[in-house]
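Engineer: 3D, please:
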Amino acid sequence: MSPSILIEDMIPIPGGTFAKGSERFYPEEAPLRKVRVDAFRIDAAPVTNARFGAFVAATGHITYAELPPDPKQYPGMLPELAHPGSLVFEPTTGPVLLTGGAIWWDYRIGANWRQPLGPGSSLEGLDNHPVVHVAHADAEAYAAWAGKALPSEAEWEWAARGGLEGADYAWGDELAPGGAMLANYWQGPFPHGNSLEDGWLRTSPVGNFPANGYGLYDMIGNVWEWTDDWFAQPKVERKQPGHCCVPANPRGGTRGGSIVKRDPIRIPRKVIKGGSHLCAESYCQRYRPAARYAQPVDTTTGHVGFRCVVRAN
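Structural biologist: Model (predicted):
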């Protein structure tokens, strides 16, 4: 880490035009399209447990995972699950099918940002790790308290690329050039055989891996990060002769459009970016700037956090 940059700092990101998305990995990332973003500043690293704790101490904020879910909002909810809790990852004992229900997730009563593995766990030794088990509303509340905002998807992706145009990863086109571990992600067969070549099974301290070209840490891996865009399939801009069609500061879809219509629970979804320590070559290769995922705004897990931005205007 550069001695001139602290993880608490915000880093200025220049405005510019770039090719957003990818046509090499997952369908929701395509098509590749040009967009432009204005200059802004972004947190050098994800918000840590220590910084989130300062926010809670100052405001008395109670996170979504610390509140009991309302059974009326969740048709078919088992009564024994109607208690505060959050999703905690547990490795399986052996190979499992990677389709269908994610059996490696345990809705653990009592799990929250203070107790990331559930009752009996704590934040001891984790002050400098990213805060997790935060819903979108919790990230919004922190951002408002700090005088900041959550980034748009385009802002986040532009910052994550670090000035590299068209590279698959935030550091180039190889996941582990020369065997170097440049981010916290899963090595080995998922979800049972993490070889821990990067040294971490779960979250790692922010700034533990090299910064990208803009001086930003953990844009890739460690934890997914909330953006403020509703999830939608990317729009295909129809070019008109004689006109330039580069959208400026594009935003996502609509709240209603982000809901899965066939889902009886009908929870709106925001875009999360960057992948996490659970992304693997064999499953969820989303440790890339272009990658995106639709996260229900009420869903808290042990691998989703956030960082904030300040816009010039």
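Engineer: Please report how far the residue nearest to Asp173 when sequence neighbours are not counted lies from Ser22.
Structural biologist: Take Asp173 and drop its neighbours on the chain: the residue closest to it by CB to CB, 6 or more residues apart in numbering is Ala167, 5.5 Å away. To be clear about C-beta, it is placed using only N, CA and C from the backbone, and glycine gets the same treatment. Distance of Ala167 to Ser22, given as CB to CB, to the nearest Å: 10 Å.
Engineer: Also Ala312?
Structural biologist: Counting by CB to CB, the gap from Ala312 to Ser22 is 28 Å.
Engineer: Those two - which one has more neighbours?
Structural biologist: Under the criterion of other CB atoms under 10 Å, the comparison of Ala312 against Ser22 puts Ser22 first, with 19 against 9.
Engineer: ok now do that one, which residues does it touch?
Structural biologist: Ser22 sits next to Glu29, Ala30, Leu32, Asp168, Arg288, Ala290, Ala291 when contact means CB atoms under 8 Å, 6 or more residues apart in numbering.
Engineer: Now do the same for the fifth one: its pLDDT.
Structural biologist: So the one you mean is Arg288. Per-residue pLDDT puts Arg288 at 98.
Engineer: Going forward, count from 25.
Structural biologist: Sure thing, new numbering starts at 25, so read that last one as Arg312.
Engineer: what number of residues lie near it?
Structural biologist: Look at Arg312: counted by other CB under 10 Å, it has 27 neighbours.
Engineer: ok but it is inside a strand, no?
Structural biologist: No: secondary structure of Arg312 (DSSP: H, G, I helix; E, B strand; the rest coil): coil, not part of a strand.
Engineer: Is it in contact with Gly190, as I believe?
Structural biologist: No: using CB atoms under 8 Å, Arg312 is not in contact with Gly190; the gap is 11.8 Å.
Engineer: What are the boundaries of the strands in the stretch 25-174 of the chain?
Structural biologist: 34-37, 40-44, 57-61, 64-67, 109-113, 129-133 (DSSP state E, counting those that start in this stretch).
Engineer: As JSON lines, those with mean neighbour count would be great.
Structural biologist: Conversion of the strands of the stretch 25-174 of the chain to JSON lines gives the following (neighbours: other CB atoms under 10 Å):
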{"stretch": "strand 34-37", "mean neighbour count": "17"}
{"stretch": "strand 40-44", "mean neighbour count": "17"}
{"stretch": "strand 57-61", "mean neighbour count": "19"}
{"stretch": "strand 64-67", "mean neighbour count": "23"}
{"stretch": "strand 109-113", "mean neighbour count": "23"}
{"stretch": "strand 129-133", "mean neighbour count": "17"}
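Engineer: does Val295 belong to a helix or a strand, and which?
Structural biologist: strand 293-297 (DSSP states H and E).
Engineer: still on that earlier bit, nearest to Asn273, of the strands of the stretch 25-174 of the chain?
Structural biologist: Asn273 sits nearest to strand 57-61 of all these, at 5.7 Å, using CB to CB.
Engineer: tell me the pLDDT at Ile271?
Structural biologist: Just to correct that, residue 271 is Pro rather than Ile. On the pLDDT scale, Pro271 gets 93.
Engineer: Contacts only, for the spatially closest residue to Thr116 that is not a sequence neighbour.
Structural biologist: Nearest non-adjacent residue to Thr116, counting by CB to CB, 6+ apart: His216, 4.5 Å away. His216 makes contact with Pro115, Thr116, Thr117, Gly118, Pro119, Val120 under the criterion CB under 8 Å, 6+ apart.
Engineer: Sketch out the low-pLDDT regions of the stretch 75-224 of the chain for me.
Structural biologist: 124 (pLDDT under 70).
Engineer: Wait, Lys172 touches Cys332, no?
Structural biologist: Yes: counting by CB under 8 Å, Lys172 touches Cys332, with 3.7 Å between them.
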